[in-house]
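Colleague: okay, predicted coordinates and the sequence, questions at the end:
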Amino acid sequence: MRARRSGALTGRVRAPGDKSISHRALILGLLAVGETRIEGLLEGEDVLATGRAAEALGATVERLSAGRWRVFGVGVGGLKNPSGTLDFGNAGTGSRLMMGVVGGASVEATFDGDASLRSRPMRRILDPLEQMGAKVVASAEGGRVPLTLRGPNRAIPITYETPAPSAQIKSAVLLAGLNAPGVTTVIEREATRDHTERMLRAFGADVTVEQHGEHGRVIRLVGEPELKGTEISVPADPSSAAFPLVAALVTPGSEITIEGVMTNPLRTGLVKTLIEMGADITLSDVHEVGGEEVADLVVRASALSGVDVPPERAPTMIDEYPVLAVAASFAAGETRMRGLHELRVKESDRLAAVHAGLLACGVEARIEGDDLIVTGRGAVPGGGPAVATHLDHRIAMSFLVMGLASEKPVAIDDAGMITTSFPDFSPLMRGLGAAIEPVDGVGAQP
């Protein structure tokens, strides 16, 4: 795919349903008794893989219409052994959370995925699960997929301090703790997105959260609840909304509205940072949907300035750093993004991939330890060879956004994986006026 300089972007759009909540809705629907109805489910490849895994473990999963699904669950103790491998494709969140489900239940399952998923570390998930009684029967080198995990007859409740700020680690432990007698406790030194805790309560679990230090939290879950099916409304994904948002900020004359975006404070680090940079972003029609605050974001093209992004903000915007780096490229002055170690274990080594992409597009950037420093000149040359996406959907979309305002077009080497999180990315962006097109018909989005 290739993006070239566009005219002003205008219009109203709605980003796809939040991926984090979509995964969790299907998983907790599996673990609940009765029917769970889901509105606004993200129908990307990652989420669909989680739905297939829920079916393999015993749930009935049905699509009613676009974005409307229902799940008939089997209860916390009712999982069955899947007849085949659970193939999660590119879905890191789905695979890691489902490891928590299997690791706390008396079933055995084999997990696998695409080349990207096979390269990602799973040991950080497996370590606490083994403490809870799970056994890794077989795995690729370093605890990677393909791996086979066998849960205990009854999980052991533990107190676990996460070694890194990761909602996936926290969620895996809590999901395993559902099948443990007593209280499972997770300690976070830095608070991460809290969708699992919120949704567990919605399904009837006893979950408490307390402040821990300046930035952390302690989460306690009472095990062996009877979760009951419920109705879940999935708000628009702030991580997906980030792409049209930044595109409008850097494309002169633009004004767009992105409807119904989740504004959970543990997910709004990008908006906070962009406003600090001088972005004209207004929140309107603020209301609550399914226990999450949402708002329409009105975004106008803005002159941005470089800022220092503190490391404690990373958990609230961990998926948005690639597109923030694009915004920083058009800003005036230096933007330092601190404490990005977690970017090294995403779909790709995002820190290295973003840095390489910036250099390929003529942007001055460097890495110091776990910090990414971008020196913006107010304009981006663009051109150059196609940016290597490394099978990473967020790298792909970020550099297509860059091409909309760069002096020369920006191409990416592969757009196929964009469907994992944002199936309608290209038509949505073109509807706003963005010049995004396939190159020789390769990688075209529907």
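Modeller: Cool, got the structure.
Colleague: how about the residue nearest to Leu64 when sequence neighbours are not counted, what does it touch?
Modeller: In this structure, Leu64 finds its nearest non-sequential neighbour in Arg70, 6.2 Å apart by CB to CB, 6 or more residues apart in numbering. Quick note: C-beta positions are derived from backbone N, CA and C, even for glycine. Contacts for Arg70 were tallied using CB atoms under 8 Å, 6 or more residues apart in numbering; they are Glu35, Thr36, Arg37, Ile38, Val61, Glu62, Leu64.
Colleague: what of Gly113?
Modeller: Shown here is Gly113, whose contacts under the criterion CB under 8 Å, 6+ apart are Asp87, Phe88, Gly89, Asn90, Ala91, Ser95, Val145.
Colleague: sorry, back to before: in what helix or strand does the residue nearest to Leu64 lie?
Modeller: Counting by DSSP states H and E, the element that carries Arg70 is strand 68-74.
Colleague: note down every partner strand of that strand and its orientation.
Modeller: Partner strands and pairing direction for strand 68-74 (DSSP bridges) are strand 33-39 (antiparallel), strand 60-65 (antiparallel).
Colleague: before we move on, the earlier item: pipe the contacts of Gly113 into a markdown table and attach secondary structure and pLDDT per row.
Modeller: Formatted as a markdown table, the entries for these read as follows, by DSSP: H, G, I helix; E, B strand; the rest coil; pLDDT from 0 to 100:
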| residue | secondary structure | pLDDT |
| --- | --- | --- |
| Asp87 | strand | 98 |
| Phe88 | coil | 97 |
| Gly89 | coil | 94 |
| Asn90 | coil | 91 |
| Ala91 | coil | 93 |
| Ser95 | helix | 98 |
| Val145 | strand | 97 |
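Colleague: which one of the residues you listed is nearest Ile436?
Modeller: Taking CB to CB as the measure, Ile436 sits nearest to Asn90 out of the contacts of Gly113, at 21.1 Å.
Colleague: circling back to that earlier point, specify which member of the contacts of Arg70 is nearest to Pro265.
Modeller: When the contacts of Arg70 are compared for distance to Pro265, the smallest value, 23.7 Å, is given by Ile38; criterion: CB to CB.
Colleague: what number of residues lie near the closest one?
Modeller: With neighbours defined by other CB atoms under 10 Å, the count for Ile38 comes to 26.
Colleague: contacting residues for it?
Modeller: When contacts are counted by CB under 8 Å, 6+ apart, Ile38 is found next to Ser22, Ala25, Leu26, Gly29, Arg68, Trp69, Arg70, Val71, Glu231, Ile232, Val234.
Colleague: all strands for the stretch 1-150 of the chain, in order.
Modeller: Secondary structure of the stretch 1-150 of the chain, counting by DSSP state E, counting those that start in this stretch: strands at 2-4, 10-14, 33-39, 60-65, 68-74, 86-87, 108-112, 135-140, 144-150.
Colleague: what pairs with the first one, parallel or antiparallel?
Modeller: The one in question is strand 2-4. According to DSSP bridges, strand 2-4 forms sheet pairs with strand 410-411 (antiparallel), strand 435-437 (antiparallel).
Colleague: could you list the low-pLDDT ranges of this protein?
Modeller: Low-confidence segments of the chain (pLDDT under 70): 290, 346-348, 441-446.
Colleague: nearest residue to the residue lying farthest from the centre of it other than its sequence neighbours?
Modeller: Distance from the centre of the chain peaks at Asn153, with 31.5 Å (CA atoms, centre = their mean). Counting by CB to CB, 6+ apart, the nearest residue to Asn153 once its immediate chain neighbours are dropped is Ser106, at 4.8 Å.
Colleague: how about Thr192?
Modeller: Nearest residue to Thr192, sequence neighbours excluded (CB to CB, 6+ apart): Ala167, at 4.0 Å.
Colleague: could you give the number of residues near Arg12?
Modeller: Under the neighbour criterion other CB under 10 Å, Arg12 is assigned a count of 12.
Colleague: how close does it get to Phe422?
Modeller: The spacing between Arg12 and Phe422, counted by CB to CB, to the nearest Å, is 17 Å.
Colleague: what about the residue farthest from the centre of the chain, distance to Ala134?
Modeller: When CB to CB is applied, the distance between Asn153 and Ala134 equals 11 Å.
Colleague: what does Lys228 give?
Modeller: Distance of Lys228 to Ala134, computed by CB to CB: 26 Å.
Colleague: those two: who's more crowded?
Modeller: For Lys228 against Ala134, the residue with the higher neighbour count under other CB under 10 Å is Ala134, and the figures read 25 against 16.
Colleague: contacts only, for that one.
Modeller: Contacts were defined as CB under 8 Å, 6+ apart; by that measure Ala134 touches Val102, Gly103, Gly104, Leu126, Leu149, Arg150, Gly151, Pro152, Ala155, Ala176.
Colleague: in a markdown table, list those residues along with neighbour count and distance to Arg120.
Modeller: Written out in a markdown table, the entries for the contacts of Ala134 read as follows (neighbours: other CB atoms under 10 Å; distance: CB to CB, whole Å):
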| residue | neighbour count | distance to Arg120 |
| --- | --- | --- |
| Val102 | 28 | 17 |
| Gly103 | 29 | 17 |
| Gly104 | 32 | 21 |
| Leu126 | 21 | 12 |
| Leu149 | 27 | 15 |
| Arg150 | 18 | 21 |
| Gly151 | 25 | 21 |
| Pro152 | 18 | 25 |
| Ala155 | 29 | 24 |
| Ala176 | 33 | 19 |
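Colleague: what is the nearest of these to Pro381?
Modeller: With CB to CB as the yardstick, the closest approach to Pro381 among the contacts of Ala134 comes from Leu126, at 44.5 Å.
Colleague: contacting residues around the closest one?
Modeller: By CB under 8 Å, 6+ apart, the neighbours of Leu126 are Met99, Gly103, Ala134, Val136, Ser139, Gly143, Leu147, Leu149.
Colleague: ok, now with 10 Å
Modeller: Arg96, Met99, Gly103, Ala134, Lys135, Val136, Ser139, Gly143, Leu147, Leu149, Ala172 (CB atoms under 10 Å, 6 or more residues apart in numbering).
Colleague: and for Arg267?
Modeller: Each residue near Arg267 by CB under 10 Å, 6+ apart is listed here: 18, 20, 192-195, 235, 237-239, 261, 292, 315-320.
Colleague: narrow those to those in helices?
Modeller: In helices, judged by DSSP state H, the following of the contacts of Arg267 are found: Ser20, His195, Pro238, Ser239.
Colleague: of the residues you listed, which is the nearest to Ala325?
Modeller: Of all the ones in helices among the contacts of Arg267, Ser239 has the smallest distance to Ala325: 14.5 Å, by CB to CB.
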